[in-house]
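**Student:** Need coordinates for the following:
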Amino acid sequence: MIENLKVAIGPEIAYDHVRLTDYLQHHLGVSTGDTLKFNIKRRSVDARSRQVKINLELDVFINEDPLSEPEYRFDFKNVASKAPVIIVGAGPAGLFAGLKLLELGLKPVIIEQGKDVQSRRRDLAAINKDHIVNPTSNYCFGEGGAGTYSDGKLYTRSNKRGDIKRILELLVWHGADKDILIDAHPHIGTNKLPKLVSNIRETILNHGGEIHFETKVNDFIIKDNEIKGVHTVAGINFEGIGVILATGHSARDIFELLYHRGIHIEAKPFAMGIRIEHPQEIIDDIQYHGNPRGNYLPAAPYTLAAQTLFSKKQRGVFSFCMCPGGFIVPAATAPGEVVVNGMSPSKRDSKYANSGIVVAVETEDLVKYQKYGPLAGLMMQKELEQKACALAGGTQAAPAQRMMDFMNHKFSSELIDTSYIPGLTSVSMDELLATDFAFRLREGFKVFGQKMKGYLTNEAQLVGVESRTSSPVRIPRGKDSLEHEQIKRLYPCAEGAGYAGGIVSAAMDGEACAERLAERYGDL
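**Tutor:** Below you'll find the predicted structure:
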């Protein structure tokens with residue numbers, strides 16, 4: 001007999017196989033002489049009430065063996081002699097576009113300005129310890145993209161559940177824990193992602209694809225409004241039946257190249273702000289209503305949003321890329337700028353919780369930068385990042401202020417411990433942030449403090465700046481064709497093109513671009 005069951009139970013039962021088996025036997029009235037086995041299909045934490053529960057959806061098998069889970073099978077073809085498709089960028093969009101092309105029988109040729117995922121580690125160490133930023137190999141650039149050494153969250157608001165499941169299954173096939181298939185908010189962790197990314201690389205190479213690291217694109221090969229390939233700094237041309245542009249939200253040189261080549265791009269809304277860092281125990285206490293987390297509950301996350309009004313303009317203030325049990329990391333892509341981001345290891349066992357708290361920026365807010373045309377938002381970002389660097393001393397030390405000091409317009413004479421390795425410099429955030437940004441952050445924090453009692457505290461501090469939430473530029477493309485509206489065979493893709501946000505949605509967009517290109521130009 002098979003039972004499909006939904007239960008809400010305590011974490012000490014939900015995460016303990018023996019106790020969960022006992023619970024299900026009693027719940028279903030199964031006699032001791034019968035056998036009971038189960039498969040968990042879905043799992044989520046429900047902390048809305050004072051008694052925290054775990055919601056489980058299970059298939060329970062009584063006196064019979066569980067149905068075997070289907071093996072993940074992907075029809076990767078040998079494409080060594082097939083028509084090449086040029087992919088610029090080896091982040092999730094580029095890598096998953098490459099995997100999809102293998103299935104479609106086309107040869108992915110991936111061009112990545114950064115280093116392979118293992119070699120990137122030395123450059124990340126140089127940022128953290130020596131304050132040296134390598135413009136082509138850092139937390140944003142290199143194999144795996146920004147997500148690899150950022151966090152590995154796999155949550156997306158996309159409602160294309162079938163596509164999401166496929167992406168998750170591909171990740172499991174390449175070494176991710178199967179728990180990502182059942183958790184409501186799956187997470188891999190920055191300590192496990194590098195191996196997974198290198199496994200994807202091996203799949204592409206073993207099936208005849210190419211990946212060229214430390215190869216920087218500096219021009220496009222275009223004839224009669226049709227892209228033929230790309231030109232690199234080393235003087236090498238890579239040509240193919242089409243180009244998937246998957247360079248990520250921080251590839252400013254590509255945005256500038258597009259603009260100066262007269263290829264249509266446009267400014268788009270984005271968001272900027274700071275990171276807020278709390279002791280994780282404070283967030284746990286708030287979210288779990290004073291209940292001890294114990295050995296079962298995960299480090300508690302949060303999601304917050306508020307609307308603010310300044311100069312008759314309403315703008316949202318919201319949490320972004322919240323990292324429970326995580327670290328703040330330096331995400332600058334050039335010397336002379338300070339950018340911060342967040343990451344979490346798989347166990348989320350740091351004593352800190354951090355989250356971006358950012359303010360929405362609409363295109364009408366870019367009047368000061370209008371002379372830069374579609375690059376206006378990019379210049380706004382750059383100006384803030386350079387100012388943050390200068391205020392904090394010109395290194396990768398980040399400007400910071402304790403939370404209640406910021407709320408009360410008071411300079412922090414002493415900062416508290418932080419996870420940010422390059423260190424902090426006490427500044428007045430009002431000196432760093434534009435008046436409207438500072439005002440909106442304070443208004444947002446007031447609302448957040450009402451929603452989460454204890455959130456407003458001087459045991460937390462603001463760290464600046466969180467400016468790379470999404471691309472400030474959109475590269476227009478056809479809604480259905482996904483092809484650039486002006487240049488044929490050019491497929492703007494994922495975060496850098498303004499059409500995705502995060503690992504899963506970027507991977508899905510990479511696959512979609514590969515499919516559309518193959519349909520139109522693959523001649524399969």
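
**Student:** which one's the longest helix in the protein?
**Tutor:** Criterion DSSP state H: the longest helix present in the chain is helix 503-521.

**Student:** other SSEs contacting that one?
**Tutor:** With contacts taken as 3 or more CB pairs under 8 Å, 6 or more residues apart in numbering; DSSP states H and E, helix 503-521 sits against strand 84-88, helix 92-104, helix 161-173, strand 243-245, strand 490-492, helix 494-497. Backbone N, C-alpha and C define where each C-beta goes, glycine included.

**Student:** Out of those, which gets nearest to residue 301?
**Tutor:** With CB to CB as the criterion, residue 301 lies closest to helix 161-173 of the helices and strands packed on helix 503-521, at 19.1 Å.

**Student:** what does the closest one contact?
**Tutor:** 72, 74, 96, 99, 154, 156, 158, 176, 178, 180-181, 186, 188, 196, 504, 507-508, 511 (CB atoms under 8 Å, 6 or more residues apart in numbering).

**Student:** Show me the shaky parts of the stretch 351-500 of the chain.
**Tutor:** The stretch 351-500 of the chain contains no residues with pLDDT under 70.

**Student:** residue boundaries of the helices in it?
**Tutor:** Under the criterion DSSP state H, counting those that start in this stretch, the stretch 351-500 of the chain contains helices at 376-391, 403-407, 429-432, 435-451, 494-497.

**Student:** Mean neighbour count, these: which tops it?
**Tutor:** helix 494-497 (a mean of 31; mean count of other CB atoms under 10 Å).

**Student:** helices and strands around it, which ones?
**Tutor:** helix 92-104, helix 503-521.

**Student:** hmm, try it at 6 Å
**Tutor:** Packing partners of helix 494-497 (3 or more CB pairs under 6 Å, 6 or more residues apart in numbering; DSSP states H and E): helix 503-521.

**Student:** mind listing what's buried in the helix it packs on?
**Tutor:** Residues of helix 503-521 classed as buried by neighbour count (16 or more other CB atoms under 10 Å): 503-518, 520-521.

**Student:** again with stretch 211-227
**Tutor:** Residues 211, 213, 215-217, 220, 222, 227 are the ones in stretch 211-227 that count as buried (16+ other CB under 10 Å).

**Student:** Please identify which two of these are farthest apart in space.
**Tutor:** Checking the buried residues of stretch 211-227 with CB to CB, the most distant pair is 213 and 222, at 24.9 Å.

**Student:** on that earlier part again, can I get the helices of the stretch 351-500 of the chain in JSON lines including distance to residue 67?
**Tutor:** Below are these laid out as JSON lines (distance: least, CB to CB, whole Å):
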{"stretch": "helix 376-391", "distance to residue 67": "51"}
{"stretch": "helix 403-407", "distance to residue 67": "51"}
{"stretch": "helix 429-432", "distance to residue 67": "56"}
{"stretch": "helix 435-451", "distance to residue 67": "43"}
{"stretch": "helix 494-497", "distance to residue 67": "36"}
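
**Student:** and of those, who's closest to residue 240?
**Tutor:** Nearest to residue 240 among those is helix 494-497; the distance by CB to CB comes to 18.3 Å.

**Student:** next one: that closest one to chain centre, how far?
**Tutor:** Centroid separation between helix 494-497 and its chain, computed with CA atoms, centre = their mean, to the nearest Å, is 12 Å.

**Student:** Give me the residues contacting stretch 326-345.
**Tutor:** With CB atoms under 6 Å, 6 or more residues apart in numbering as the test, stretch 326-345 has contacts from 127, 133, 135, 138-140, 150-151, 189-191, 250, 275, 321, 323, 325, 350, 354, 385-386, 388-389, 392, 396, 398, 419-420, 422, 463, 466-468.
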